[in-house]
Structures are given as C-alpha cells and as structure tokens.
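K.L.:
here's a sequence, model it:
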Amino acid sequence: MIVFQTVAVALAMFSALPVPQFDWNEKNMRYALCAFPLVGVICGALWCLCGALPLPDAAHAAGFTGGIHLDGYADTCDALASCGDTAKKLAILKDPHCGAFAVIRLCSYFAAYLMLCACVQFTPRTGALWTLALMGERMLSGLARSEERRVGKE
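P.N.:
Here you go, the predicted model:
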C-alpha cells in the first residue's frame, strides 16, 4: 500500500494527472523522488496515446503541451523584469500572484511550443524517444535533488 501511496504522491506533486489524495507524511514522501521517472513514463504514454489518435495536427500539438510546471519560471520572469534591488526581487519571488511580465513570457513560450509541437510528425519511434526523454529528465532532476541533499549534509 505504501508503494501505491508513494506513486500517488509523486503523481500529485509532479504532474497534473488526477490521482487519489493521501495525507503526505514522512513514510510516503520519503521515496517520492524514486517514483519521479514513473511520472515521466506515464506522461510519455499519454503523449503517445494523444499522438496515435486520429486528430488534426493542432489538436495533437495542444495535447503535447500538457503537464508543464511553470510557476517558478513565471515568478522569475516577474522578478527579473522588475529592475528592482535584490530585496524587491525576492519579495516578488515569494508573491503568489502572476504579474504582467510572466503572462507575456508564458504566452510567448506556449505559442512557440505549440508551433514546435505542430511540426512534429508522430510515429511510434517519436513516441518512444519522447517517453525516454520525459523519463530521463525526471531521473536527472531526482538525481540532482538527491545530490543537493547529500552535499548539504557534508
């Protein structure tokens, strides 16, 4: 049961997929980063499913843009565009609201990403490579986080 809870916590934390909600505690969060690559596999499988459906290219591209975690990017865009001192930039990073510069840059990002995804011709090989990329980036992210913890303890 703890393995299922750990995977559900990882999916809830690192994706937009609906999963059963559990109380987050030391036990089920301890290995959440180990389940992080599984989140990439699941997102890649959904991407493959979206690509295999007989939909127009624009609909495929819209499906490929899902699951992007951008709140940190949005906060950073607002802070850097503020031209304020360090204290002001840190205050902007802590603010939960989204500013105009974040909206402008996110719209630009999504437009570019949508156009790029519309250019991708889906094949089973493309789907497999994309799934491996999603899994690999999450593995590297988990590895970087665990290395950060290890270095912090020294």
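K.L.:
now the helix of greatest length in the chain: buried residues?
P.N.:
Among all segments of the chain classified by DSSP state H, the helix with the greatest residue count is helix 124-153. By 16 or more other Cβ atoms under 10 Å, the buried positions in helix 124-153 come out as 127, 130, 131, 134, 135, 138, 142. Where C-beta positions appear, they are placed from N, C-alpha and C, glycine not excepted.
K.L.:
out of these, the closest to residue 80 would be?
P.N.:
residue 138 (26.3 Å; Cβ to Cβ).
K.L.:
would you check that the closest one makes contact with residue 36?
P.N.:
Yes - in terms of Cβ atoms under 8 Å, residue 138 counts as a neighbour of residue 36; the distance is 4.5 Å.
K.L.:
okay, helices next: where are they in this protein?
P.N.:
2-14, 26-29, 36-52, 57-64, 71-81, 86-94, 100-119, 124-153.
K.L.:
and the longest helix of the chain, what does it pack onto?
P.N.:
Judged by 3 or more Cβ pairs under 8 Å, 6 or more residues apart in numbering; DSSP states H and E, helix 124-153 is in contact with helix 36-52.
K.L.:
tell me the angle the helix it packs on makes with helix 100-119.
P.N.:
Per axes from the mean of the first three to the mean of the last three Cα atoms, to 10 degrees, the angle that helix 36-52 makes with helix 100-119 is 60 degrees.
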